[in-house]
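**Q** Structure for this input, please:
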Amino acid sequence: MAADFELTFLGTGTSVGVPVIGCQCRVCQSEDPRNKRTRSSVHVRCGEISVLVDSGPDLREQALREKMTRVDAVIYTHPHVDHVVGFDELRAFCWHREGPLPLHATAECMEVLVRMFGWAFSPENIYGGYIKPDPQLIEGPFAIGDLRITPLPVEHAKVLTVGFLFEAPGSHAVAYIPDAKRVPPETIGLLKRADVLILDALRPAPHPTHLSTDEALEIIRQTGVPRAWLTHLGHDNEHHELEAILPEGVGVAWDGLRIHG
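**A** Model (predicted):
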């Protein structure tokens, strides 16, 4: 039986979001709602299972906009500020749980989370109303309910970073890589299992720690995926203009976009 799979783009912007504070450029001043980009994150639903990828600074706004009421687990790509500092907002998803909230992260990422939010991981965190984390180390593929999740190692700055391949019975396989500069050959091999690829494409010009538009399109070509979406977009990208120059099968994601399996 096919799983009921849905992925929602909570945010599609870079670390400073769009519009950028104080910027008067035409993208930041645009009236097109697709040019309004909160920090990158997605929500995955597989049947009754609800999974959040990263907890960025805009999590509260994103959750209210999408009417999110439940999260069964959080999985982290890496510990950069724009992917973790909405951590305290996770308490809203703990209030009605009987047990702690599973947080899946690499050992390096988990170490940063514990250091940044030590109060939450402390044995003294026994009072109601606070987030109660259940740390789960990512050491290979794992499952949450019927959703199989394979980590996708990539190179991004100097921090260990992973994307994720989501596979559910009877549904399209969807890969999500919001932050990358280089996708190694072994990860390209894993991506060939995907039907849909969501990939970092910060800006047209090269960047030292993120994929440019052309670099992202080359990765998409190498994988041979039939459908791809660009995300983690800065204010160098005007939605309509970028969409107009992309090859068939590649789209520009926007906040609130939903894709189904």
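
**Q** all helices for the protein, in order.
**A** Using DSSP state H, the helices of the chain run over 59-65, 81-84, 107-116, 118-121, 185-191, 213-223, 239-245.

**Q** now those in CSV, with distance to E31, mean pLDDT and mean neighbour count?
**A** C-beta coordinates here come from the backbone N, C-alpha and C atoms, glycine included. Shown next, in CSV, are these (distance: least, CB to CB, whole Å; pLDDT from 0 to 100; neighbours: other CB atoms under 10 Å):
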stretch, distance to E31, mean pLDDT, mean neighbour count
helix 59-65, 18, 98, 18
helix 81-84, 25, 98, 20
helix 107-116, 37, 98, 16
helix 118-121, 40, 95, 15
helix 185-191, 36, 98, 15
helix 213-223, 23, 98, 18
helix 239-245, 11, 98, 14
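
**Q** What ranges in the stretch 1-150 of the chain fall below the confidence cut-off?
**A** For the stretch 1-150 of the chain, the stretches flagged by pLDDT under 70 are 1-3.

**Q** Where do the strands of it begin and end?
**A** Using DSSP state E, counting those that start in this stretch, the strands assigned to the stretch 1-150 of the chain run over residues 5-11, 41-46, 49-53, 73-75, 101-105, 133-137, 142-144, 147-156.

**Q** how about the ones you listed in JSON lines, adding mean neighbour count and distance to I220?
**A** Below are the strands of the stretch 1-150 of the chain laid out as JSON lines (neighbours: other CB atoms under 10 Å; distance: least, CB to CB, whole Å):
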{"stretch": "strand 5-11", "mean neighbour count": "23", "distance to I220": "17"}
{"stretch": "strand 41-46", "mean neighbour count": "24", "distance to I220": "18"}
{"stretch": "strand 49-53", "mean neighbour count": "22", "distance to I220": "20"}
{"stretch": "strand 73-75", "mean neighbour count": "23", "distance to I220": "23"}
{"stretch": "strand 101-105", "mean neighbour count": "21", "distance to I220": "26"}
{"stretch": "strand 133-137", "mean neighbour count": "15", "distance to I220": "30"}
{"stretch": "strand 142-144", "mean neighbour count": "15", "distance to I220": "26"}
{"stretch": "strand 147-156", "mean neighbour count": "20", "distance to I220": "14"}
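
**Q** who wins for proximity to P123 among these?
**A** Nearest to P123, of all the strands of the stretch 1-150 of the chain, is strand 133-137, at 12.2 Å by CB to CB.

**Q** residues in contact with the closest one?
**A** With contacts defined as CB atoms under 8 Å, 6 or more residues apart in numbering, strand 133-137 is touched by 73, 90, 99-107, 110, 113-114, 120-121, 142.

**Q** thinking again about what came up before, quick one, which of the helices of the chain is nearest to V53?
**A** Closest to V53 of the helices of the chain, according to CB to CB: helix 81-84, at 8.8 Å.

**Q** what about the strands in the stretch 151-261 of the chain?
**A** Using DSSP E, counting those that start in this stretch, strands in the stretch 151-261 of the chain cover 159-167, 174-177, 196-200, 227-231, 250-252, 258-260.

**Q** what would the ones you listed look like in JSON lines with distance to I149, mean neighbour count and mean pLDDT?
**A** Below are these laid out as JSON lines (distance: least, CB to CB, whole Å; neighbours: other CB atoms under 10 Å; pLDDT from 0 to 100):
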{"stretch": "strand 159-167", "distance to I149": "5", "mean neighbour count": "23", "mean pLDDT": "97"}
{"stretch": "strand 174-177", "distance to I149": "10", "mean neighbour count": "26", "mean pLDDT": "98"}
{"stretch": "strand 196-200", "distance to I149": "14", "mean neighbour count": "26", "mean pLDDT": "98"}
{"stretch": "strand 227-231", "distance to I149": "18", "mean neighbour count": "23", "mean pLDDT": "98"}
{"stretch": "strand 250-252", "distance to I149": "23", "mean neighbour count": "20", "mean pLDDT": "98"}
{"stretch": "strand 258-260", "distance to I149": "17", "mean neighbour count": "13", "mean pLDDT": "95"}
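
**Q** now the ones you listed in TSV, with distance to C28?
**A** As requested, the strands of the stretch 151-261 of the chain are exported to TSV (distance: least, CB to CB, whole Å):
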stretch	distance to C28
strand 159-167	27
strand 174-177	26
strand 196-200	20
strand 227-231	18
strand 250-252	17
strand 258-260	25
